[in-house]
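# Any chance you could fold what I've pasted below:
(one chain, ligands or ions: 1)
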Amino acid sequence: MALLSQPYRALIIGSTGTIGSAFMELLQDKPTCSAVLGLSRQSPHPIDYQNPDSIELAAKSLVDTGPFQLIINTIGVLHTDHWMPEKRLDELNSDQLMELMKINAIGPALTIRHFSKLLDPSNSVMVTLSAKVGSIEDNRLGGWYSYRASKAALNMLIKTASIELARSKPNTALIALHPGTVNSRLSKPFRGEQIGRPPLDAASDMLQVIESLNKEDSGSFISYSGERLPW
Ligand SMILES: NC(=O)c1ccc[n+]([C@@H]2O[C@H](COP(=O)([O-])OP(=O)(O)OC[C@H]3O[C@@H](n4cnc5c(N)ncnc54)[C@H](OP(=O)(O)O)[C@@H]3O)[C@@H](O)[C@H]2O)c1
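From the prediction side, this is the model:
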C-alpha cells in the first residue's frame, strides 16, 4: 500500500535549484498536494550547507508549519567556481574532497537529522537526491572522485538513518533517489543541455515513483524509473 496518503503537504529543500524549482512547479499544480513550501539559501530562514548551524535553525523555523508528509531535498553540487570533477587521481585534492563531502553528504545527513522531526509520524516520505555515479557496484568508468565518494557517503548515511527511523517512526520512508541526467546548472558543463531531459519531466517521473513508495522501500536507492539501484 502506498505510504503517501492524499492529500499531502510537501516541503522542497533547495527550491531555487533546477530540479527543486521543477518540483515546486509540479506540486503547486498537483491536486493531490494540498500545500508545498520551498526552502533555500534565499529563504527568510536560509538553509546554507556552508553553515551547518543554519540547518537546525531552518528546521526549527518550520515547527509550527509542519508536519509534512513529503520532504524532498534537492541540494547538491558537482562543480564549483573552483573545481570541476577530477578526471584522474593526480587531480584529487583534500579541499575539493572536503567541500563536496560537506555539501553532498554532511549537509543532507544533518538535514535528515533535523527535518525528520517535521515528518508526519502516521505516514511520510523523505527523499534525498543522490546520483547513480555514487553507486560503488555500478562504477565502471572511474573519475569524478569527490562527487562519487560524497554521494556514496550520502547513500550510507540515508541507509543508516532509515534503520533507526524504522524503529522510532515505522510509517516513514527515507529514500536515496537518482533523478537521471537532467538539463540543469549542474549538468550544463557535461553536455546536460544535449543529453539531459527537461527538469519538469524528471520531477514528474520521480513524483510517480515517490507516490507509489511503501514503508518497506525505506532505506533503498531508487532510480527515477522506479528501478532499484545497487549500492
Ligand atoms: N542534473 C543532473 O543530471 C543530476 C544527475 C544526478 C543527480 N543529480 C542531483 O540532483 C540534485 C539537484 O541538482 P540540479 O541538477 O537541480 O542542480 P542545480 O540546478 O545546480 O541545483 C543545485 C541546488 O543545490 C543548492 N546548493 C548548492 N550549494 C548549496 C549550499 N552550500 N547550501 C544550500 N544549497 C546549496 C542550490 O541552491 P542555489 O539555488 O541557492 O544555488 C540549488 O538549489 C543534486 O543533488 C544533484 O547531485 C542531478
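# Please make it C-alpha for all contacts and neighbour counts, starting now.
Will do.
# In contact with the nearest residue to Leu3 once chain neighbours are set aside, which residues are there?
Nearest residue to Leu3 in three dimensions, chain neighbours excluded: Asn214, at 4.7 Å (Cα to Cα, 6 or more residues apart in numbering). Residues in contact with Asn214 (Cα atoms under 8 Å, 6 or more residues apart in numbering) are Met1, Ala2, Leu3, Leu4, Ala173.
# ranking the residues you listed by neighbours, who comes first?
Within the contacts of Asn214, neighbour counts (other Cα atoms under 10 Å) peak at Ala173, which reaches 28 neighbours.
# Report pLDDT for the residue nearest to Leu3.
Asn214 carries a pLDDT value of 94.
# do Glu211 as well
pLDDT, Glu211: 96.
# Phe190 now?
87.
# which parts of the protein sit against the ligand?
Residues of the chain lying near the ligand by Cα under 6 Å from any ligand atom: 14-20, 41, 47-50, 74-77, 103, 129-131, 178-187.
# Among the residues you listed, which ones are in helices?
Thr18, Ile19, Gly20 (DSSP state H).
# For the residues you listed, pick the one with the most neighbours.
Ile19 (28 neighbours).
# is it true that it touches Asn183?
No - assessed by Cα atoms under 8 Å, Ile19 is found out of contact with Asn183, at 9.0 Å.
# okay, and the common contacts of these two?
Pro199.
# moving C-terminal of the one helix or strand in the chain whose mean pLDDT sits lowest, what's the next helix or strand?
Lowest by mean pLDDT, DSSP states H and E among the helices and strands of the chain is helix 192-195, with a mean of 86. Using DSSP states H and E, the helix or strand that follows helix 192-195 in sequence is helix 199-211.
# Give the buried residues for that next one.
Neighbour counts using 16 or more other Cα atoms under 10 Å place Pro199, Leu200, Ala202, Ala203, Ser204, Asp205, Met206, Leu207, Val209, Ile210, Glu211 of helix 199-211 among the buried residues.
# report the longest helix in the chain, please.
When the chain is parsed with DSSP H, its longest helix is helix 145-168.
# Spit out the contact partners of Ser116.
Met126.
# now Ala203
Each residue near Ala203 by Cα under 8 Å, 6+ apart is listed here: Ile19, Ala22, Phe23, Leu26, Pro179.
# could you redo the last one with a cut-off of 6 Å?
Phe23 (Cα atoms under 6 Å, 6 or more residues apart in numbering).
# tell me the pLDDT at it?
For Ala203, pLDDT reads 98.
# Also Leu100?
Leu100 is assigned 97 on the pLDDT scale.
# Could you list the buried residues of the helix or strand hosting it?
Per DSSP H and E, Leu100 falls inside helix 94-101. Residues of helix 94-101 classed as buried: Gln96, Leu97, Glu99, Leu100, Met101 (neighbour count, 16+ other Cα under 10 Å).
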